[in-house]
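Quick check, what structure comes out for this input:
(chains A and B)
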Amino acid sequence: MADINLLQTPGVETTTVAHRSTKLLSRLLMVVLLLIVVFYIYLQFDQWRTNRDIADTNSAIATAQSEALKNKSRGEVVTRQGQLKELDGLLKGHMYWSYLLPELARVTLRSAKYTAIDADSNGKLSLTVSLPSYDELEKFMQIFDLPEYNKEFSNVRILSINKTQLDNTLETVVRLELTFNPSYLKGRM
Amino acid sequence: MALHTPSIQTIYGNRQLTSPLVQSVLLIIIIVLLGWFIVRPEFVSSRAQHAQLEQASQKRAAIENEKQELERLVSQLQTSAEDIKITDEALPLVGRISRLDVLIESLARSSGLQVAQINAANTGDTIAAGNKAVLSDPYGVDRKLQTSSVSVLLSGNVDQFRTFLQLLETSGRVLDVSGLEVTSEPGATKFRVTIKAYAYETGSITSE
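Predicted coordinates for the structure are as follows:
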């Protein structure tokens, strides 16, 4: 009668567990490999689909551009847009010179008389003023130092002072150069 | 002595290859190599294509919006005849200097001033009339802001001159005074005004 060993040896059990684990790992890795292959196929399909969508979109862009360019009124719209843009810029910088003379008159003595006014759009103003005396000239100049009267004129420079015979009277003629605020004349519409 | 060449069956049947451990190691190597050298470049390429598609879609949406905006503007243009008339008066598409002279003379007369002199300068190389390219397609040519300068010598009194300035300021055409000179002479006061006028027209385009 053959000997029967009813007790299993511990080494055989450990080997079986290790064998099963590696087998399971192997199957898992097979599944991962399969998933990678499926993912690769999906990527190929996705790229084909994306390429098709890009081509469709580019075609739609070309069609839309072509239709826009074919619009007969497009040229007029573009021209009018440019015209309005330039007009807007011009109106913002437009100066209202008719406001200069009353403002100048407001800060001028009644006895003073302007014989020459030269102004440019940068705010430079040259004046030739005739006054009856030096006292009046001094009063005329003092007004430019009074902030309650004078707000728009500054940096008054005397270029020359002369006593001149005008209309049978001896007048004091002074040439001045001053600065006015150009923004005072802008945007008054 | 005969050489023994192993057959596939022999290799397949090799216990080492059929061992799950060896299979696992081989599978890991295959997964890594496949993932790194084949799938990863495809994935990167796919991402780049998606980004390209996104850009193209945005461009398409922008162009579609612009197209709709163009249609809206065309429709608005067709119903704004009065506004176009005002705009054309303020900034004409034809800046012929003789039109400006007519306007200034008219404003001076309306204010009661006498026109002693009108000098037009800076007319440039703009074609004043007979530009066939512009006549055939007025909106098909490139236009830009052109400036003309006119110097006017007037005589009268200060009130008349102020009225003239007010008329210039309120004129339908945008006119800017770039300089003014007032000289008081026995008998009359002289006013020299430098006026800038603008037009939105072609530069030096020549007709054929």
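
who does the biggest strand by length in chain A touch, helix- and strand-wise?
Longest strand in chain A by number of residues, with DSSP state E as the criterion: strand A:153-166. Packing contacts for strand A:153-166, counted by 3 or more CB pairs under 8 Å, 6 or more residues apart in numbering or on different chains; DSSP states H and E, involve strand A:124-131, helix A:134-143, strand A:169-180. The way it works is simple: take the backbone N, C-alpha and C, and place the C-beta from them, glycine included.

Low-confidence bits of chain A, can you list those?
For chain A, the stretches with pLDDT under 70 are A:1-14, A:166, A:187-189.

so where do the helices sit in it?
Remark: helices assigned in chain A by DSSP state H are A:10-70, A:74-92, A:100-106, A:134-143.

Would you reformat those as a markdown table and include distance to B:Thr126 and mean neighbour count?
Shown next, in a markdown table, are these (distance: least, CB to CB, whole Å; neighbours: other CB atoms under 10 Å in any protein chain shown):
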| stretch | distance to B:Thr126 | mean neighbour count |
| --- | --- | --- |
| helix A:10-70 | 28 | 13 |
| helix A:74-92 | 16 | 16 |
| helix A:100-106 | 32 | 16 |
| helix A:134-143 | 47 | 15 |
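
Residues contacting the longest strand of chain A, please?
Here strand A:153-166 makes contact (CB atoms under 8 Å, 6 or more residues apart in numbering or on different chains) with A:104, A:107, A:125-126, A:130, A:137, A:141, A:144, A:170-181.

so what's A:Ala112 up against?
Taking CB under 8 Å, 6+ apart as the contact definition, A:Ala112 lies against A:Val129, A:Ser130, A:Leu131, A:Glu136, A:Phe140.

can you give me the helices in chain B?
Under DSSP H, chain B gives helices at B:8-12, B:15-18, B:20-34, B:40-78, B:81-90, B:97-111, B:132-136, B:158-170.

Check what pLDDT B:Ser207 gets.
On the pLDDT scale, B:Ser207 is placed at 34.

circling back to that earlier point, show me which residues of the longest strand of chain A are buried.
A:Phe153, A:Val156 (16 or more other CB atoms under 10 Å in any protein chain shown).

Restricting to C-alpha, output it in PDB.
Output of strand A:153-166 as PDB, limited to C-alpha atoms (Å, rounded to 0.1, in the frame of the first residue of the first chain):
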ATOM      1  CA  PHE A 153      -4.500 133.700 -19.700                       C
ATOM      2  CA  SER A 154      -1.000 133.200 -18.300                       C
ATOM      3  CA  ASN A 155       2.700 133.900 -18.700                       C
ATOM      4  CA  VAL A 156       2.300 137.500 -19.900                       C
ATOM      5  CA  ARG A 157       5.500 138.800 -21.300                       C
ATOM      6  CA  ILE A 158       6.100 142.400 -22.300                       C
ATOM      7  CA  LEU A 159       8.100 142.500 -25.500                       C
ATOM      8  CA  SER A 160       8.200 146.300 -25.900                       C
ATOM      9  CA  ILE A 161       6.700 149.500 -24.600                       C
ATOM     10  CA  ASN A 162       6.600 152.700 -26.600                       C
ATOM     11  CA  LYS A 163       5.100 156.100 -26.400                       C
ATOM     12  CA  THR A 164       3.500 156.800 -29.800                       C
ATOM     13  CA  GLN A 165       1.500 159.600 -31.200                       C
ATOM     14  CA  LEU A 166      -1.900 158.200 -32.200                       C
END
